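1. With the sequence up front, the predicted model follows.
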Amino acid sequence: MSAVIKLEHIDVTFKSKTRTVQAVHDVSLSVEKGEVYGIVGYSGAGKSTLVRVINLLQRPTKGQVEVNQQDLLALKPKALRQARKKIGMIFQHFNLMNARTIADNVDYPLKSSKLTKAQRRAKVAELLDLVGLSDKKNAYPAQLSGGQKQRVAIARALANDPEILISDEATSALDPKTTLSILELLRSLNQRLGLTVVLITHEMQAVKEICQKVAVMENGQIIERGDLLHVFSQPQKQLTKDFINTATQIEQALGKVLQQPAIKHLRSNERLVQLSYIGDSTDQPIITELYKRYLVTANILFGNVEILQNTPVGNLIVTLSGTEKNLNAATSYLRQAQVNVREIKVGRDVIPLTKKEHA
Amino acid sequence: MVAIFAHYFPNVVGISDEFVQSTWETIYMVVATAIIAGIIGMFLGVALTVTEPGHILAQRTVYSVLDKLVNLFRSIPFIILLAVIVPFTRLLVGTSIGTTAAIVPLVLGSAPFYARQIQNALVEVDPGIIEAAESVGSSPLEIIFRVYLKEGLSEIIRVSVVTLISVIGLTAMAGAVGGGGLGNLAISVGYNRFQNDVTFISMIIILLMVFIVQVVGDFFARKTAH
C-alpha cells in the first residue's frame, strides 16, 4: 500500500493588513490508497483549509504536497489543472451550476476532455445511474432536494475518474436520513471503485459510519489520529472525547443516571461503574459470570453499543452490588476480560447537591 | 381618428417625415452604441471581476487602474463629455458633428457604466461554483466563458436592459452636438418653436422604445433564470 496523498509540514497563513491568521500549523498527513480518512474538528479548526491544500485550491505557505506520486507545488498551471482532474471534490453547499441541467452539470468536467459528444453522453448517463438520478437528468438544480443535489455533485466529481474524492462537509447541510444515504453512497464508491476518500466534518456520527482512519483537528493542528477503532475506544485528548461523546451520548446518559433517586442514595454495598469494551469481550456472558462467581448482581442503567467496522464497541453504565471483597474480585475479573472499568463516585458528590436544593 | 390626431397634434402631422427620420437616427445611435459599448463594457466588466484580489486572475494593479478609470469616466457629466472629447471624436470619425460622431461620446459615456453593471452581475455568481469549476481542472478562460457568463446570464440580461435604457436617455442629448434623433427634435423644434405637441410625441416614442426594451429584456431574463 502506498500513500496517494502525502502532506508534509503544511503551514497556511492568511495575512491581512490588520492581522495574521495561521489556519494550519505544521500538519503532516498521509492517506493510503483506498482508505476512507476522516478529519473532524469544530469550525475554524482549519480542516477545510487543510483539505483545500490537497488540490491546491489553497496554496500552503510552507510544506510539501504530493498527490498520486506527483509534487503538485512544482507543477505548471496547465499540469496542475490536469492533476486536479484526478482529485474530485464535493462541498457543503453542493456548488452546482444553476443555469445548467443535471446532465449538463455532470457533463461540465468532460467538456475539456477528448471524448466525443456521444461518449460524453454515455458517460453522463452512467454516472447519473451510479448515483441513482437518471430520471432527473433534464431537471435544474433548483428543482432537487439537498440530498439529490449532493448526488449530482458526487457524479460531477467522479466525471474524470478521479483516484481521490475530497468531501468538504458534504453532509453538514443535510438531514440525518439523507446524510446516511450519502455516506452509504460514498462507502459503496470506496468499495466498488477503490476510491480514496478524505472526508472532513464536524459530526462524529459521519466519521463513525464510514471512516477507517480519523484525525482530530484543533487550532490548525492535528491533535490525535489513528485507526477509527483505536481512537474511538481509547481517546487521549479531551476534544476527541467530546466528539466521541456526541456520537455515543454516554456523558449525557451519565448525567441523567446521576439524577435518579436510587443513584443519589447509593447503598454502601453498591458501586456505580462504567464498563467499556471492544470486540470479543462481548462474546462472554459477563454479567451472568459476575453473579455465578462472585454473587455480584449488575443492574444496567444505560447501554450503548456501536458497531465500528464490524467490531462492537460497548459502553454500559451499571450498578454492581455485593460485598466489598466480592466487588473487588469482580472488578479484577472484568479487567482480565479486557473490559475497561471506571468507577463513578457518587454518594458524597451528590449529597451536598441535594442539601443545596433544600436550602 | 386621423382627424382627431391632426386636431390635437397639428405640428406633428406637418413634420411626420422628420419624426420618422429622427426615430431612425435614435435607433441607429442606440444600436451602434449598444454593440460597441456592449463589447467594450463586457470586456472591462469581466476584467474587473476576475482581476479583483481574491478572484481567479487576481492582479491588484490591473484591477485598481481599471477600477479608477471606470469611476473617472462615470463621473463626467455626459453633456460635458460630449463637448470635451470633440478633438478625439474628430480624430476617430473625421468629424465632430452628426449622428455617427455622436456615437463616440455615447460609447465613452455608457461603456464604463455597463462595465460596472456587468461586474455587479458577475459578482453575484456563487464563489463556490467557481471553486467547484477550479476543482475539476477548468482554466481561467473556461471559467469565464462556461461559468461566469453562463451562470450570470440572467443577471447580465437585466443589467443590459438597464444600460440600454440609459443609452436611449443619453441619445436625447446627442442633439447638442448635431447628432439628431428624437431628443434633438423635441428641443430644436418642439421647445424652441413652442410646439408642445412635437415635444410630447417625441417623448411618447422614446417611452415606447424603453417599454419594448424592458418587456423583451424581462422576458429573456426570466427565461434564462433557473
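-> Looks like it came in fine.
2. quick one, phi/psi of A:Val197?
-> Per-residue torsions, A:Val197: phi -120, psi 130 (degrees, to the nearest 10).
3. dump the residue contacts of the residue nearest to it when sequence neighbours are not counted.
-> Once flanking residues are discounted, A:Val197 sits nearest to A:Val36: 4.5 Å by CB to CB, 6 or more residues apart in numbering or on different chains. C-beta coordinates here come from the backbone N, C-alpha and C atoms, glycine included. A:Val36 makes contact with A:186-187, A:190, A:196-197, A:199, A:210-213 under the criterion CB atoms under 8 Å, 6 or more residues apart in numbering or on different chains.
4. how about a cut-off of 10 Å?
-> Contact analysis of A:Val36 by CB atoms under 10 Å, 6 or more residues apart in numbering or on different chains lists A:165, A:167, A:183, A:186-187, A:189-191, A:195-199, A:207, A:209-214, A:228.
5. That one and A:Ser30: what is the separation?
-> Remark: distance between A:Val36 and A:Ser30 (CB to CB, to the nearest Å) = 14 Å.
6. just A:Lys86 next, same as before
-> A:Lys86 is 18 Å from A:Ser30, by CB to CB.
7. Now do the contacts for A:Leu308.
-> Residues near A:Leu308 by CB under 10 Å, 6+ apart: A:207-209, A:211-212, A:227-229, A:231-233, A:247, A:278-279.
8. Point out where the stretch 151-300 of chain A drops to low pLDDT.
-> A:280-284 (pLDDT under 70).
9. And the residue of it that's closest to chain B?
-> For the stretch 151-300 of chain A and chain B, the shortest gap (CB to the nearest CB) falls at A:Asn160, measuring 6.6 Å.
10. That residue against A:Met89, yeah?
-> No. A:Asn160 is not in contact with A:Met89 according to CB atoms under 10 Å; the separation is 11.3 Å.
11. which of the two has more neighbours?
-> Each of A:Asn160 and A:Met89 had its neighbours counted (other CB atoms under 10 Å in any protein chain shown), and the higher figure belongs to A:Met89 (27 against 19).
12. Am I right that the more buried one falls within a helix?
-> No. Counting by DSSP: H, G, I helix; E, B strand; the rest coil, A:Met89 is not part of a helix but strand.
13. Please name the bridge partners of it.
-> Judged by DSSP bridges, the bridge partners of A:Met89 are A:Ile166.
14. Spell out the residue ranges of the helices in the chain.
-> All of this is about chain A. If DSSP state H is used as the criterion, the helices of chain A fall at A:47-54, A:77-84, A:102-107, A:117-130, A:146-157, A:176-193, A:204-210, A:228-233, A:238-248, A:250-259, A:261-264, A:286-294, A:324-336, A:351-358.
15. was after chain B, sorry
-> Under DSSP H, chain B gives helices at B:2-8, B:10-14, B:16-51, B:60-75, B:78-84, B:86-93, B:99-123, B:127-135, B:140-142, B:149-151, B:153-171, B:182-184, B:196-224.
16. Save those helices as JSON lines, and put in mean neighbour count, distance to A:Arg120 and mean pLDDT too.
-> Below are the helices of chain B laid out as JSON lines (neighbours: other CB atoms under 10 Å in any protein chain shown; distance: least, CB to CB, whole Å; pLDDT from 0 to 100):
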{"stretch": "helix B:2-8", "mean neighbour count": "9", "distance to A:Arg120": "61", "mean pLDDT": "84"}
{"stretch": "helix B:10-14", "mean neighbour count": "15", "distance to A:Arg120": "60", "mean pLDDT": "83"}
{"stretch": "helix B:16-51", "mean neighbour count": "19", "distance to A:Arg120": "27", "mean pLDDT": "95"}
{"stretch": "helix B:60-75", "mean neighbour count": "14", "distance to A:Arg120": "36", "mean pLDDT": "95"}
{"stretch": "helix B:78-84", "mean neighbour count": "16", "distance to A:Arg120": "49", "mean pLDDT": "90"}
{"stretch": "helix B:86-93", "mean neighbour count": "14", "distance to A:Arg120": "47", "mean pLDDT": "91"}
{"stretch": "helix B:99-123", "mean neighbour count": "23", "distance to A:Arg120": "27", "mean pLDDT": "95"}
{"stretch": "helix B:127-135", "mean neighbour count": "20", "distance to A:Arg120": "17", "mean pLDDT": "96"}
{"stretch": "helix B:140-142", "mean neighbour count": "14", "distance to A:Arg120": "15", "mean pLDDT": "96"}
{"stretch": "helix B:149-151", "mean neighbour count": "19", "distance to A:Arg120": "17", "mean pLDDT": "96"}
{"stretch": "helix B:153-171", "mean neighbour count": "21", "distance to A:Arg120": "22", "mean pLDDT": "95"}
{"stretch": "helix B:182-184", "mean neighbour count": "27", "distance to A:Arg120": "51", "mean pLDDT": "90"}
{"stretch": "helix B:196-224", "mean neighbour count": "15", "distance to A:Arg120": "23", "mean pLDDT": "94"}
